[in-house]
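K.L.:
Next come a sequence and a model predicted from it.
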Amino acid sequence: MRVLCVHPGPLMYTKVFLRLEPLGLELVAASALAHGHDIELIDLQVEDHAAYFRRLRGWRPEIVAFSCNYLANIPEIVDLAKETKRRWPGLPVVVGGHSASFVAEAILGHSEGAIDCVLRGEGEAVMPLLLDAIAAGRPLQTLPGAVTPQGAGPKPVFVEDLNALRPARHLLRHRRRYFIGPLDPCASIEFSRGCPWDCTFCSAWTFYGRSYRLIDPANVVEDLAAIREPNAFIVDDVAFIRAEHGMAIGEAIARRGIRKNYYLETRGDVLLRNKEVFQFWKTLGLRYMFLGLEAIDEEGLQRYRKRVPLGRNFEALEFARSLGINVAINLIADPDWDETRFATVRQWCMDVPEIVNISVNTPYPGTETWMTEQRQLTSRDYRLLDIQHCVLPTKLPLEAFYRELIETQRVLYMKHLGWRTLWDTAGIVGNQLIRGQTNFLKSLFRFNNVYDPAKLLADHAMQVRYEVPLPSPVPDAKPESIYVHAARSRGDRALDGSTEQFVVETGARAFEEKS
């Protein structure tokens, strides 16, 4: 079958700081290709809706498959599905992805018949089954993870072997458009999948049922060797939880003589536990690291159940500095913040050398916060659930909250973007311009056009056509009600005994998991 895979358009922060290749969609496309289907892929982060409809007219796919990893993209996907069905009434339209998995029934309701199926869970596992069922005219509601207007199938299933697929990177037409900070252009690569921790604001653990799986180092290196870009973003939720796995990949990279620059995300306690891994990766080209501190006080850390003592987080920052790795920090601004709190955070951000990003505390379907947050949402507009807008009641008037938020972000902008950064990175930018790369250069001057308190406030006045459904109570506080994939026992996770004990000691339990 001819399948058009579609990644939706950019979100607010991706218009400034990064634009990542749609790795998940490339893996789903690879799964379909392996079963003999004809696949094309379009990324609306770098192309527009007109290009999408031109592709439909010119190629005439037999199915359209949208990826939905972010709630804020749902209105765009639903509207595109409706217009697609209006022009080609018989063309099947399906949606899958992380966020779609938590609001599948709502997406079907919004689409008013334009979407035939929402696939929950890992798309690589069920996409070939879905395409076979459509080709044969069989009902879709019997498939694992399928949710249709006619009913829903059994629980989603995991990909049987993460080593069996390699992303179909060749399907992207504009590979030079992807970057993260100064790493321009930048590919993405996966070393592991899942997360064994249970932070209240995160849905990675509820999506994967607290599973944690590793990709064989030989497969990782084969994929990495085939990547033409000089830079790679490691997409793992927490990089190098297993020290020996990180070392094995690094040693294989060294043997192959692969030279790239790397950007990864990890936790402060993992960084300190596995210092030798990060030291080794610094020699391989690790240049940037993202650490989610989330808060700069113990009270804030407890709220988000980040059981890393504040002193350990600061120790992790010191260690990263000693390696010469550029660190980006994320802090979560709570709607309860007032002028004094914002001023304190601004001062702290100016006192540390790290790049600091401020996101807004946002309950998401699939997170524990979504189920337990007592403050009522002030908006259920999907487009505002992007961690840049505020959808909970604010202590300050909303206009004042946004003014303080943008002022804090602007202070950080002046520190890390604009002419000062251009001067400091003149050599990097010059080399990029020689190669025709302008993503990073443009990002240095895009902040003020995107981040504006008046624009954020105006977004709350937009006409709302689709609203996220309110959460249902968790019956008997059991995790099965919010897990997408069924929870695996501790013994099934790719963790040795000491690492499992480390996870237990550093991650409080939202629910008592099966053993």
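P.N.:
Great, that's in hand.
K.L.:
Next secondary structure element downstream of the one helix or strand Leu441 maps to?
P.N.:
In this assignment (DSSP states H and E), Leu441 forms part of helix 439-443. Following helix 439-443 in sequence order, the next helix or strand is helix 447-450 (DSSP H and E).
K.L.:
That next one: how far from the chain's middle?
P.N.:
A distance of 22 Å separates the centroid of the chain from that of helix 447-450, by C-alpha atoms, centre = their mean, to the nearest Å.
K.L.:
I'd like the average pLDDT over that helix.
P.N.:
In this model, helix 447-450 carries a mean pLDDT of 78.
K.L.:
what helices or strands is that helix leaning on?
P.N.:
Contacts of helix 447-450 with other secondary structure elements, assessed using 3 or more C-beta pairs under 8 Å, 6 or more residues apart in numbering; DSSP states H and E, are made with helix 398-416. In this view, the C-beta of every residue, glycine as well, is placed from N, C-alpha and C.
K.L.:
Now do Gly257: how many residues are near it, please.
P.N.:
The burial metric for Gly257, expressed as a neighbour count using other C-beta atoms under 10 Å, is 7.
K.L.:
Can you tell me how far it is from Ile234?
P.N.:
19 Å (C-beta to C-beta, to the nearest Å).
K.L.:
what does Pro453 give?
P.N.:
From Pro453 over to Ile234 the distance is 34 Å, taken as C-beta to C-beta.
K.L.:
which of these two has more neighbours?
P.N.:
Of the pair Pro453 and Ile234, Ile234 is the one with more neighbours under other C-beta under 10 Å, namely 23 against 18.
K.L.:
Can you say which helix or strand has the nearest residue to the more buried one once chain neighbours are set aside in it?
P.N.:
What sits nearest to Ile234 in space, not counting adjacent residues and going by C-beta to C-beta, 6 or more residues apart in numbering, is Leu264, at 4.1 Å. Assigned by DSSP H and E, Leu264 falls within strand 261-266.
K.L.:
packing partners for that strand?
P.N.:
Packing partners of strand 261-266 (3+ C-beta pairs under 8 Å, 6+ apart): strand 231-234, strand 286-294.
K.L.:
So, low pLDDT: which residues of the chain?
P.N.:
Residues of the chain that meet the criterion pLDDT under 70 lie in 294-310, 412-425, 472-481, 488-491, 508-515.
K.L.:
Check the gap between the residue most central in space within it and Leu23 for me.
P.N.:
Central residue check for the chain by C-alpha atoms, centre = their mean: the C-alpha nearest the mean position is that of Asn69, 7.0 Å away. Asn69 sits at a distance of 10 Å from Leu23 (criterion: C-beta to C-beta).
K.L.:
To Leu405, which of the helices and strands packed on strand 261-266 lies closest?
P.N.:
Closest approach to Leu405 among those is made by strand 286-294 (16.0 Å; C-beta to C-beta).
K.L.:
Tell me which other helices or strands that closest one touches.
P.N.:
Using 3+ C-beta pairs under 8 Å, 6+ apart as the contact criterion, the neighbours of strand 286-294 among helices and strands are strand 261-266, helix 268-273, helix 310-323, strand 326-333.
K.L.:
Try it again at 7 Å.
P.N.:
strand 261-266, helix 310-323, strand 326-333 (3 or more C-beta pairs under 7 Å, 6 or more residues apart in numbering; DSSP states H and E).
K.L.:
where does stretch 23-38 sit relative to the chain's centre, distance-wise?
P.N.:
Per C-alpha atoms, centre = their mean, the centroid offset for stretch 23-38 relative to its chain is 20 Å.
K.L.:
List the buried residues of that stretch.
P.N.:
Applying a neighbour-count criterion of 16 or more other C-beta atoms under 10 Å, one finds Leu23, Gly24, Leu25, Glu26, Leu27, Val28, Ala29, Ala30, Ser31, Ala32, Leu33, His37 buried in stretch 23-38.
K.L.:
Generate CSV for those residues, with secondary structure as supplementary columns.
P.N.:
Rendered in CSV, the data for the buried residues of stretch 23-38 read as follows (DSSP: H, G, I helix; E, B strand; the rest coil):
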residue, secondary structure
Leu23, helix
Gly24, helix
Leu25, helix
Glu26, helix
Leu27, helix
Val28, helix
Ala29, helix
Ala30, helix
Ser31, helix
Ala32, helix
Leu33, helix
His37, coil
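K.L.:
Quickly name whichever of these is closest to Phe179.
P.N.:
In terms of C-beta to C-beta, no member of these lies closer to Phe179 than Leu23, at 14.4 Å.
K.L.:
which residues touch the closest residue to the closest one other than its chain neighbours?
P.N.:
Counting by C-beta to C-beta, 6+ apart, Ser188 is the residue found nearest to Leu23 once chain neighbours are left out, at 4.4 Å. Taking C-beta atoms under 7 Å, 6 or more residues apart in numbering as the definition of contact, the neighbours of Ser188 are Leu20, Glu21, Leu23, Phe233, Val235.
K.L.:
Next: Arg375.
P.N.:
For Arg375, the contacting residues are Leu392, Pro393, by C-beta under 7 Å, 6+ apart.
K.L.:
what about it, distance to Leu385?
P.N.:
With distances defined as C-beta to C-beta, the gap from Arg375 to Leu385 amounts to 14 Å.
K.L.:
So what's the residue count around Gly427?
P.N.:
Applying other C-beta under 10 Å, we find 8 other residues in the vicinity of Gly427.
K.L.:
should've said Asn219
P.N.:
Should you count by other C-beta under 10 Å, Asn219 turns out to have 17 residues around it.
K.L.:
So it sits against Asn163, correct?
P.N.:
Yes. Counting by C-beta atoms under 7 Å, Asn219 sits close enough to Asn163 to count as a contact (4.5 Å).
K.L.:
Quick one: residues contacting Pro10.
P.N.:
Here Pro10 is in contact with Arg19, Gln45 (C-beta under 7 Å, 6+ apart).
K.L.:
Which element, helix or strand, includes it?
P.N.:
Once you assign secondary structure using DSSP H and E, Pro10 falls outside every helix and strand.
K.L.:
gap between Gly153 and Phe66?
P.N.:
The gap separating Gly153 from Phe66 is 19 Å, by C-beta to C-beta.
K.L.:
Comparing those two, which residue is more hemmed in?
P.N.:
Phe66 (28 against 20).
K.L.:
my read: that one touches Cys5, true?
P.N.:
No. The pair Phe66 and Cys5 fails to qualify as a contact (C-beta under 7 Å) at a distance of 8.1 Å.
K.L.:
Enumerate every residue touching Gly181.
P.N.:
By C-beta under 7 Å, 6+ apart, the contact set of Gly181 is Phe17, Leu18, Tyr288, Phe440.
K.L.:
next structured bit after the one helix or strand the residue nearest to Leu23 maps to?
P.N.:
Counting by DSSP H and E, the element that carries Ser188 is strand 187-189. Stepping forward along the backbone from strand 187-189, the first helix or strand reached (DSSP H and E) is strand 192-194.
K.L.:
Show me what that following strand packs onto, helices and strands only.
P.N.:
Taking 3+ C-beta pairs under 7 Å, 6+ apart as the contact definition, the neighbouring helices and strands of strand 192-194 are strand 212-214.
K.L.:
List the pairing partners of the strand it packs on within its sheet, with orientation.
P.N.:
Strand 212-214 sits in its sheet next to strand 192-194 (antiparallel), going by DSSP bridges.
K.L.:
ends of stretch 255-267, how far apart?
P.N.:
Taking C-alpha to C-alpha, to the nearest Å, stretch 255-267 runs 28 Å from one end to the other.
K.L.:
If you could redo that for stretch 147-159, that was the one I meant.
P.N.:
Its first and final residues considered, stretch 147-159 spans 18 Å by C-alpha to C-alpha.
K.L.:
ok, now stretch 361-374?
P.N.:
By C-alpha to C-alpha, the extent of stretch 361-374 from end to end equals 13 Å.
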